[in-house]
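>>> what follows is a protein structure lacking sequence information:
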Ligand SMILES: NC(=O)c1ccc[n+]([C@@H]2O[C@H](COP(=O)([O-])OP(=O)(O)OC[C@H]3O[C@@H](n4cnc5c(N)ncnc54)[C@H](O)[C@@H]3O)[C@@H](O)[C@H]2O)c1
């Protein structure tokens, strides 16, 4: 099998875990746990090769990717230190709205420390990024920009279209909805939006709400509160950047409650930044329901997980899904992969159905795009 030539946009904690993981899982025969899929359409985790990378931080731009992933403010667990030189230099990106205004108040070890913008105009930035994508042979760009980078996310999506590069969108700007048709016209797959961690707050909350529904218990009220100490949580202290994240996380849960829930009876969101937690994310879920005879019940759960490795395995599947889609000449939003792997696919399915779709799609010979079920779960 060929290598999968990947570009990374935003060399933060998620990128660090992903790059480490492609080396940790280098040997396809070693049945090491930690991935949803070992062989995905004939591709293994170690087949991913990083050929381009973009950031805006002084400590990352100009460095080889193998070094840049370990620079501050990255703080995720280092589980595979031994990364060879990758011959992939981190290039300066286009800042636009990538930086939140409140960040200068924090110590530089905790926040981005940007270089000055090097571009005089949008078109100058675009032609440079497109050139780098083309010259590096990037096939798939993974978008790891900070939450709230609406303009920057759109800018890089435009660059992908011009450079003829597929897109995996890990963050909550709804690029699959906004650009789905244009990617389809261009003959390019787009997989997204907003990565759903392997066993994280979203999938746990979704599965539990579905359990209550399936067992005939009406959910009356529910919340999901998340705290963490990484850059992602610091960035989200600025509530004005949070709108799309809240929509994405809330809809991921309400889409599983077929009987509906009043918007005032559900709260889902990141709630605070606690620096000493670093990349450890702690999530609290509460569900209040009505059981037999209208008798009330409630359930509480606490989840503690290292945030970035929790999404890197899922992105490993998403990248291979984009590559398989390219091989099969599929274009536009790839729902067979997006429904199970992302919080905000263009169509929501329950997770059991979505998992079957993904498994079919990942079979090396399966023409899986004919297998999408026609019944859609209710979205709100
Ligand atoms: N489990 C998870 O970790 C998880 C789950 C779902 C979604 N996400 C999303 O993935 C994204 C990445 O998360 P992360 O923890 O790696 O974030 P991070 O803050 O650690 O990294 C973001 C990187 O983007 C860079 N950047 C900022 N503006 C840029 C620009 N204009 N051009 C190029 N680079 C720029 C920053 O310098 C930084 O290195 C976030 O949007 C996050 O919400 C993460």
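Thanks, I have it. All values derive from a computational prediction rather than experimental measurement.

>>> residue 50 and residue 3 touch, don't they?
No. Between residue 50 and residue 3 there is no contact under CB atoms under 8 Å: 10.1 Å. Bear in mind the C-beta positions are built from the backbone N, C-alpha and C, glycine included.

>>> between these two, who's got more neighbours?
residue 50 (24 against 14; other CB atoms under 10 Å).

>>> and that one, what are its bridge partners?
Listed by DSSP bridges, the beta-bridge partners for residue 50 are residue 6.

>>> quick one: pLDDT of it?
In this model, residue 50 is scored at 98, pLDDT.

>>> next, find the distance separating it from residue 151.
25 Å (CB to CB, to the nearest Å).

>>> pLDDT below threshold where in the protein?
1, 366-380 (pLDDT under 70).

>>> close to the ligand: what parts of it are there?
9-15, 54-57, 93-96, 98, 112, 144-147, 149, 152, 170-171, 194-195, 197, 200, 230-232, 235, 307-308, 310-311 (CB under 6 Å from any ligand atom).

>>> would you confirm that residue 138 contacts residue 164?
No. Using CB under 8 Å as the test, residue 138 is too far from residue 164 to be in contact (9.6 Å).

>>> what about those two, which has more around it?
Using other CB under 10 Å, the more surrounded residue of residue 138 and residue 164 is residue 138, with 22 against 14.

>>> enumerate every residue touching the more buried one.
Residue 138 sits next to 5-7, 51-52, 163, 165 when contact means CB atoms under 8 Å, 6 or more residues apart in numbering.

>>> change it to 6 Å
5, 7, 51-52, 165 (CB atoms under 6 Å, 6 or more residues apart in numbering).

>>> out of those residues, which is nearest to residue 329?
residue 165 (15.5 Å; CB to CB).

>>> and the spatially closest residue to residue 298 that is not a sequence neighbour, what helix or strand is that in?
Of all residues not flanking residue 298 in the chain, residue 288 sits nearest, at 4.6 Å (CB to CB, 6 or more residues apart in numbering). For residue 288, the host element (DSSP states H and E) is strand 280-290.

>>> before we move on, what about residue 269?
Per DSSP H and E: strand 266-273 holds residue 269.

>>> not counting sequence-adjacent ones, nearest residue to residue 146?
residue 235 (4.6 Å).

>>> ugh, wrong one, I meant residue 11
Counting by CB to CB, 6+ apart, the residue nearest residue 11 is residue 55, at 4.5 Å.

>>> angle of the helix or strand harbouring residue 205 against strand 280-290?
Assigned by DSSP H and E, residue 205 falls within helix 201-214. Interaxial angle, helix 201-214 versus strand 280-290 (axes from the mean of the first three to the mean of the last three CA atoms, to 10 degrees): 10 degrees.

>>> show me the contact partners of helix 201-214.
196, 219, 224, 226, 252-253, 256-257, 283, 285, 289, 343.

>>> from the residues you listed, which land in strands?
219, 224, 226, 283, 285, 289 (DSSP state E).

>>> so who does residue 126 touch?
residue 159.

>>> returning to what we had before: switch the contacts of helix 201-214 over to CSV; also include neighbour count and distance to residue 297.
As requested, those are arranged in CSV below (neighbours: other CB atoms under 10 Å; distance: CB to CB, whole Å):
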residue, neighbour count, distance to residue 297
196, 26, 27
219, 22, 11
224, 25, 18
226, 22, 24
252, 24, 23
253, 24, 18
256, 24, 18
257, 20, 16
283, 22, 21
285, 21, 15
289, 20, 5
343, 26, 27
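
>>> one step back: ok, the residue nearest to residue 146 to residue 145 distance?
Taking CB to CB, one finds residue 235 at 10 Å from residue 145.

>>> what's the spacing between residue 340 and residue 82?
Residue 340 is 32 Å from residue 82, by CB to CB.

>>> neighbour-wise, which of the two wins?
Taking other CB under 10 Å, residue 340 and residue 82 do not tie; residue 340 has more neighbours (26 against 8).

>>> which non-adjacent residue is nearest the more buried one?
residue 354 (3.8 Å).

>>> which SS state does the one you found fall under?
helix (DSSP: H, G, I helix; E, B strand; the rest coil).

>>> thought it was touching residue 341?
No. Taking contacts as CB atoms under 6 Å, residue 354 lies outside contact range of residue 341: 8.4 Å.

>>> name the residue most distant from the centre of the chain?
Distance from the centre of the chain peaks at residue 293, with 41.6 Å (CA atoms, centre = their mean).

>>> can you classify that one by secondary structure?
From three-state DSSP, the assignment for residue 293 is helix.

>>> quick one: it from residue 191, how far?
Distance from residue 293 to residue 191, by CB to CB: 46 Å.

>>> okay, domains of this structure per the record?
4-196+309-370, 201-306 (automatic domain parsing).

>>> ok now the first one, how far from the chain's centre?
What it means is domain 4-196+309-370. 8 Å (CA atoms, centre = their mean, to the nearest Å).

>>> same thing with stretch 297-314?
Worked out by CA atoms, centre = their mean, stretch 297-314 lies 15 Å from the chain centre.

>>> next: stretch 268-282.
Taking mean C-alpha positions (CA atoms, centre = their mean), stretch 268-282 and its chain are 17 Å apart.

>>> buried stuff in it?
Buried positions in stretch 268-282, judged by neighbour count with 16 or more other CB atoms under 10 Å: 268, 270-271, 273, 277-282.

>>> also stretch 302-316?
For stretch 302-316, by 16+ other CB under 10 Å, it's 303, 305-316.

>>> keep only those of those residues that are in strands.
Going by DSSP E, the strands hold 303, 305-306 from the buried residues of stretch 302-316.

>>> all good on my end, thank you.
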